[in-house]
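Engineer: Give me the fold of what follows.
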Amino acid sequence: MNFDEFVTLVSKVKNITLNAEESHLKMVPPYREDLIKQQADSIKNARKAAVMALFYPDKKHQTHLVLILRKTYKGVHSAQIGFPGGKVEVEDKNLEFTALRETYEEVGVPIKEMEVLKALTKVYIPPSNFYVSPFIGVSRITPNFVKQDDEVEAILEVTLHDFLNDENLKTKQVRLKNNSEFSVPAMELNKHLVWGATAMMLSEVKDLLKKVL
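Structural biologist: Residues are numbered from 1 along each chain as shown. This next block holds a predicted model:
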């Protein structure tokens, strides 16, 4: 979709009620409920983070969404696809600013070039004990992406068409620490399978966009 048309239509999301858990449930791993019950006490002291679902025009003025492939490291989100974003720092004035700052740090889009349209539904991530606040935003300028080398392995530029295409809904086999294996819902984007919390947040973004596009 042409980005000018997209921006005109997407501005309507500001006044639309979120689907919240209805959207999340489409991509929820089957073991998530048990993990949350196990961490009932930890949730009370969950750390806060914020991420950005940023849409922008490519050089042909077609609409894209930016995602990142995280570095391989000794951690629960190693080598996974996610949004640009990260944990709240003391100097952050609010969660929206955290999402903007982290997006700038991880993929190089200047804060002044991003416009936040709407806060989305928070998602709790049991493995890392984070409550993540997602935001949907736009950059009206084609970004000159610069990845943060110590955290980002690659920047993924996903076309709006591929993101909204239901044919890209797949499943993925996931093995937990106790060696139990599950089939989880996933999205195939740029030849990567996206699942878990990121897929849940993407599902809400997708449902929101389908109401206005």
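
Engineer: excluding its backbone neighbours, what's nearest the residue nearest to the spatial centre of the chain?
Structural biologist: Geometric centre of the chain, nearest residue: residue 83, 3.9 Å, by C-alpha atoms, centre = their mean. Excluding its sequence neighbours, the residue lying closest to residue 83 (C-beta to C-beta, 6 or more residues apart in numbering) is residue 51, at 3.8 Å. Backbone N, C-alpha and C define where each C-beta goes, glycine included.

Engineer: C-terminal to the helix or strand the one you found falls within, what's the next element?
Structural biologist: Assigned by DSSP states H and E, residue 51 falls within strand 47-57. Next along the chain after strand 47-57, taking DSSP H and E as the criterion, comes strand 63-70.

Engineer: just checking, what packs against that following strand?
Structural biologist: On a contact count with 3 or more C-beta pairs under 8 Å, 6 or more residues apart in numbering; DSSP states H and E, strand 63-70 meets strand 47-57, strand 81-82, helix 95-107, strand 152-159, helix 160-164.

Engineer: Throw those into JSON lines and include mean pLDDT and mean neighbour count, thanks.
Structural biologist: Shown next, in JSON lines, are the helices and strands packed on strand 63-70 (pLDDT from 0 to 100; neighbours: other C-beta atoms under 10 Å):
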{"stretch": "strand 47-57", "mean pLDDT": "97", "mean neighbour count": "23"}
{"stretch": "strand 81-82", "mean pLDDT": "94", "mean neighbour count": "23"}
{"stretch": "helix 95-107", "mean pLDDT": "98", "mean neighbour count": "22"}
{"stretch": "strand 152-159", "mean pLDDT": "97", "mean neighbour count": "16"}
{"stretch": "helix 160-164", "mean pLDDT": "98", "mean neighbour count": "16"}
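
Engineer: and residue 132, which of the three is it?
Structural biologist: strand (DSSP: H, G, I helix; E, B strand; the rest coil).

Engineer: ok, now which ones touch it?
Structural biologist: Residues in contact with residue 132 (C-beta atoms under 8 Å, 6 or more residues apart in numbering) are 49-51, 85, 122-125, 197, 201.

Engineer: follow-up on the earlier one: need the CA coordinates for the strand holding residue 51. PDB is fine.
Structural biologist: This file holds the C-alpha atoms of strand 47-57, laid out as PDB (Å, rounded to 0.1, in the frame of the first residue of the first chain):
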ATOM      1  CA  ARG A  47      10.100  -5.200  35.200                       C
ATOM      2  CA  LYS A  48       8.800  -2.700  32.700                       C
ATOM      3  CA  ALA A  49       9.700  -2.400  29.000                       C
ATOM      4  CA  ALA A  50       8.300  -0.800  25.900                       C
ATOM      5  CA  VAL A  51       8.400  -1.600  22.200                       C
ATOM      6  CA  MET A  52       7.400   0.100  19.000                       C
ATOM      7  CA  ALA A  53       5.500  -1.200  16.000                       C
ATOM      8  CA  LEU A  54       6.900   1.300  13.600                       C
ATOM      9  CA  PHE A  55       5.500   1.700  10.000                       C
ATOM     10  CA  TYR A  56       7.300   3.700   7.400                       C
ATOM     11  CA  PRO A  57       7.700   4.300   3.600                       C
END
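
Engineer: Each with direction, which strands does that strand pair with?
Structural biologist: Paired strands of strand 47-57, with direction, are strand 63-70 (antiparallel), strand 85-87 (antiparallel), strand 130-139 (parallel) (DSSP bridges).
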